[in-house]
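Enquirer: pasting the sequence and the predicted coordinates here, then a few questions.
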Amino acid sequence: MPVRKSYATAIMKAVAEIPKGRVCPYGRVAEVAGLPGRARLVGRLLGELTGRDELPWHRVLRADGSLAFPAGSRGFERQVAKLAEEGVNAATGRVDLVRFGWQTSLDEQLWGPD
DNA sequence: ACATTGACTCGCG
DNA sequence: GCGCGAGCCAATG
């Protein structure tokens, strides 16, 4: 049984808002979706539509910038590859949230996109 | 209704 | 940086 539709639509909408070349932690996606504290629900939903959806699920990762998948796993490599296409280096299994995180208030606003 | 699980998060040592 | 434990919430059996 999938995630409740009301939750699913809100979460998908939030994920779709993440700009290309940026990443966002589960918790923040949940907040944007209007569901604070439901980080796990985000992961649950993403698992349901991975591989058959156009949603940029690969831009969603853990709060510390690490990928949610174990290094070497199929999902891990897929995510790394997709991120690499957008200019985000996740080869080490981690992403620099200061540089690629979707808040950018500290990055772009202060220092500019380079 | 109770117990378990999980693409989570935070704090401590 | 790593492991552990506790909170967390919806889905499952």
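Expert: Perfect, thanks for sending it.

Enquirer: which residue ranges of chain A form strands?
Expert: Here chain A has its strands, by DSSP state E, at A:24-25, A:60-61.

Enquirer: quick one, which of those strands gets closest to residue A:2.
Expert: Checking the strands of chain A against residue A:2 by Cβ to Cβ gives strand A:60-61 as the closest, at 17.5 Å. Every residue, glycine included, has its C-beta placed from N, CA and C.

Enquirer: how many residues are close by the residue of chain A found nearest DNA strand C?
Expert: Going by Cβ to the nearest atom of the strand, DNA strand C is nearest to residue A:1 of chain A, at 2.3 Å. Residues lying near residue A:1 (other Cβ atoms under 10 Å) number 4.

Enquirer: just residue A:84 next, same as before
Expert: By other Cβ under 10 Å, neighbour count at residue A:84 equals 13.

Enquirer: pretty sure it is touching residue A:90, no?
Expert: Yes: between residue A:84 and residue A:90 a contact is recorded at 7.0 Å, counting by Cβ atoms under 8 Å.

Enquirer: if we can go back for a sec, deepest of the strands of chain A, which one?
Expert: strand A:60-61 (a mean of 26; mean count of other Cβ atoms under 10 Å).
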